[in-house]
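Asker: Turn this into a model:
(chains A and B)
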Amino acid sequence: MIDLKRIQENKEKITELLARKGYTADFDPLLKLDAERRAAISEVETLKAKRNKVSAEIPALKKAGQPVDEIFKQMRALGDEIAMLDAKAKELDEKVFDILAGIPNIPDEDLLPGEKENNTVIKTFGEKPTFDFEPQNHVDLCTKLGIIDYPRGTKLSGGGFWLYRGDGARLEWALLNFFISEHLKDGYEFILPPHQLGYNCGFGAGQFPKFTDEVYWLDCDEDRKKNRFMLPTAETALVNLYSNEIMDETKLPMKLFAYTPCYRKEAGSYRAEERGMVRGHQFNKVEMVQITTPAQSKAAFEELVNKAASLMEKLGLHFHVSKLAAGDCSATMCRTYDIEVWIPSMGIYKEVSSVSNAGDYQARRNNTRYRDTQTGKPAFVHTLNGSGLATSRIFPALVEQNQNADGSINIPEVLQPFMGGQKVIKSL
RNA sequence: GGAGAAAUACCCAAGAGGCCGAAGGGGCUCCCCUGCUAAGGGAGUAGUACGUGUAAGCGUAGCGAGGGUUCAAAUCCCUCUUUCUCCGCCA
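Answerer: The predicted structure follows:
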């Protein structure tokens, strides 16, 4: 949610910035509605002040034996008027809120306008691996090694599900453990959140109402707001940890990470390019989140990007970092860098981490604040998140980039301690 | 899942239609006294949101949340949430 005051003060500039995201803003109806809202509030509060004043005098009048029936009659009429105006003010307030909640976050000024085609690669690590044999794709490799069982995943749960088996499960777990150990080294707090969340979390993270149909809903109440959903990313949980609280500034920047599976419908997105585990309904991810003061958020963003990139570097994978154009950033974010790993069989780079700064957009939606020691007043925090990392894209990339002519796979050195020193995965 | 009890400010807690935005304690802040400390005395101590104002301020809301009754609600009624106790269920 963006700040209405910013629109009032700088309508043209914000309209222009949002246009870079492909969003056409017309703020005039909103501003008019807000003026009406404020007028209604002023009016009703004047009446309430009058009611309070008269009510306070009634006990004294009664004690003095004076008649109060006439006053009661007038007050009843006043009460009706107040109720009417209260309802009007509430309605206007909700309208303003809904419109405001539907406006995307304002992109940072240095982002290029436009969509994907305007993303710019800002850093590349390593080189495309070359093979002196015909390399296989990860689905074939994993199936032959027996480390991923696609058919039985489908048998149990339908398309988009798979099982990790044996060394596959160990490799997956080693990746997660490696990420966790790196984050702990950097002083991040480890969180294991619930996997079922309430509607408010989705709204607070800026994912709802837009993506309400992209998640798996539990319970059967017709009203979505009373149901829970399976979290699509740990961000949805972490970003809401301090909602409706005022944090101590000394706790900021707060650095968190969580491991959770991510549950997503991914409706209609299955393509040849996304075979195997590149896009599934359930995948594992370690997610980093920072809650910061506005002054800290720029540095926090750099830190998260560097952290995600350093994990990839330590795994020895070829990848690049891409700065997203305004239109490719999600509605919630004012800035996003993607880390994309090379998948040889597809000949493309696939996202393994998306690092974003939401500014105060999420904090405004879920009311997360801190007390500014300078002013003594509460102010909205900034929230940032980044995958660190998602295994479902790394696993295929790792398997493909590290394959040998005999179909075996070299385990990166950093993962070996987490696999009991094992260096290679080969078929039995 | 069923049955009971509870929810008041930083914490504990009183309050049972108007004199209650809230007694009393604890804590915290400041001051006094005591050559340190302990003890003692005094004063202060909703945060917040919204509206209005250049501002000091003023107004409105606010006793778990949302509704209702009433001229007037922390107080009465309804719904919900959470916590505690008991019972049931538990692949």
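Asker: for RNA strand B, what are the nearby residues on chain A?
Answerer: By CB under 7 Å from any atom of the strand, the residues of chain A that approach RNA strand B are A:38, A:41-42, A:45-46, A:48-49, A:51-56, A:58-59, A:62, A:72, A:75-76, A:78-79, A:83, A:90, A:246, A:369, A:376-378. Bear in mind the C-beta positions are built from the backbone N, C-alpha and C, glycine included.
Asker: which among those end up buried?
Answerer: Restricting the residues of chain A next to RNA strand B to buried positions leaves A:Ile41, A:Met75, A:Arg369, with burial counted as 16 or more other CB atoms under 10 Å.
Asker: out of the residues of chain A next to RNA strand B, which are inside helices?
Answerer: Members of the residues of chain A next to RNA strand B lying in helices (criterion: DSSP state H): A:38, A:41-42, A:45-46, A:48-49, A:51-56, A:58-59, A:62, A:72, A:75-76, A:78-79, A:83, A:90.
Asker: Domains in chain A, by residue range?
Answerer: A:26-101, A:116-425 (automatic domain parsing).
Asker: Single out the most deeply packed of the ones you listed.
Answerer: Between the domains of chain A, domain A:116-425 has the highest mean count of neighbours, a mean of 19, where neighbours are mean count of other CB atoms under 10 Å.
Asker: What mean pLDDT does that domain get?
Answerer: For domain A:116-425, the mean per-residue pLDDT is 90.
Asker: Just the endpoints, please. Distance across that domain?
Answerer: Using CA to CA, to the nearest Å, one end of domain A:116-425 lies 37 Å from the other.
Asker: Stretch A:181-190 too?
Answerer: Stretch A:181-190 stretches 10 Å from its first residue to its last (CA to CA).
Asker: If the residue of the stretch 301-428 of chain A found nearest RNA strand B is in a bridge, with which residues?
Answerer: Among the residues of the stretch 301-428 of chain A, A:Pro378 lies nearest to RNA strand B; the distance is 4.6 Å by CB to the nearest atom of the strand. Residues found in beta-bridge contact with A:Pro378 (criterion: DSSP bridges) are A:Arg371.
Asker: Model confidence for the residue of chain A most remote from its centre, exactly?
Answerer: Counting by CA atoms, centre = their mean, the extreme residue of chain A relative to its mean C-alpha position is A:Gly65, 64.5 Å from that point. Per-residue confidence for A:Gly65 comes out at a pLDDT of 75.
Asker: Am I right that it sits in a strand?
Answerer: No - counting by DSSP: H, G, I helix; E, B strand; the rest coil, one finds A:Gly65 to be coil, located in no strand.
Asker: so who does A:Ser243 touch?
Answerer: A:Asn200, A:Gly204, A:Asn366, A:Asn367, A:Thr368 (CB atoms under 8 Å, 6 or more residues apart in numbering).
Asker: Tell me how far the nearest residue to A:Phe301 once chain neighbours are set aside lies from A:Met312.
Answerer: Distances taken as CB to CB, 6 or more residues apart in numbering put A:Asn357 closest to A:Phe301, at 4.7 Å, once the chain neighbours are dropped. Applying CB to CB, to the nearest Å, the value for A:Asn357 to A:Met312 is 20 Å.
Asker: At which residues are the helices of the stretch 151-300 of chain A located?
Answerer: For the stretch 151-300 of chain A, the helices defined by DSSP state H, counting those that start in this stretch occupy A:167-185, A:199-204, A:235-238, A:297-315.
Asker: Check the offset of the last one from the chain's centre.
Answerer: Right, the one you point to is helix A:297-315. Its chain's C-alpha centre and that of helix A:297-315 lie 17 Å apart, by CA atoms, centre = their mean, to the nearest Å.
Asker: next helix or strand past that helix?
Answerer: On the C-terminal side of helix A:297-315, the nearest following helix or strand under DSSP states H and E is strand A:319-323.
Asker: contacting residues around the closest residue to RNA strand B within the stretch 201-350 of chain A?
Answerer: Each residue of the stretch 201-350 of chain A has a distance to RNA strand B, by CB to the nearest atom of the strand, and the smallest belongs to A:Ile246, at 6.4 Å. Counting by CB under 8 Å, 6+ apart, A:Ile246 touches A:Arg369, A:Tyr370, A:Arg371, A:Pro378.
Asker: any residues touching stretch A:360-370, and which ones?
Answerer: By CB under 8 Å, 6+ apart, the residues outside stretch A:360-370 that reach it are A:1-3, A:101, A:105, A:200-201, A:203-206, A:239-240, A:242-249, A:251-252, A:291, A:293-294, A:332-334, A:378-383.
Asker: how near is the closest residue to A:Gly280 other than its chain neighbours to A:Lys265?
Answerer: Using CB to CB, 6+ apart and skipping the chain neighbours, the partner closest in space to A:Gly280 is A:Gly160 (4.8 Å). A:Gly160 sits 9 Å away from A:Lys265, taking CB to CB as the criterion.
Asker: Next: A:Gln416.
Answerer: From A:Gln416 over to A:Lys265 the distance is 36 Å, taken as CB to CB.
Asker: so which strand or helix has the nearest residue to A:Ile394 once chain neighbours are set aside?
Answerer: The shortest distance from A:Ile394 to any non-neighbouring residue, by CB to CB, 6+ apart, is to A:Val352 (5.4 Å). Assigned by DSSP H and E, A:Val352 falls within strand A:348-357.
Asker: what's the angle from that strand to helix A:297-315?
Answerer: Computed by axes from the mean of the first three to the mean of the last three CA atoms, to 10 degrees, the angle separating strand A:348-357 from helix A:297-315 equals 150 degrees.
Asker: Strand A:348-357: partners in the sheet, and parallel or antiparallel?
Answerer: Within its sheet, and counting by DSSP bridges, strand A:348-357 is paired with strand A:335-343 (antiparallel), strand A:382-390 (antiparallel).
Asker: Can you give the contact residues for it?
Answerer: Strand A:348-357 is contacted from outside by A:108, A:273, A:278, A:297-298, A:300-301, A:304-305, A:308, A:312, A:319-320, A:322, A:329-330, A:332-343, A:382, A:384-390, A:393-394, A:397, using CB under 8 Å, 6+ apart.
Asker: again, 7 Å this time
Answerer: Residues outside strand A:348-357 that contact it (CB atoms under 7 Å, 6 or more residues apart in numbering) are A:278, A:297, A:301, A:304-305, A:308, A:319-320, A:333-343, A:382, A:384-390, A:393-394.
Asker: quick one: terminal-to-terminal distance for stretch A:154-169?
Answerer: Per CA to CA, the first residue of stretch A:154-169 is 17 Å away from its last.
Asker: ok now that stretch, how far from the chain's centre?
Answerer: That offset, for stretch A:154-169, works out to 27 Å (CA atoms, centre = their mean).
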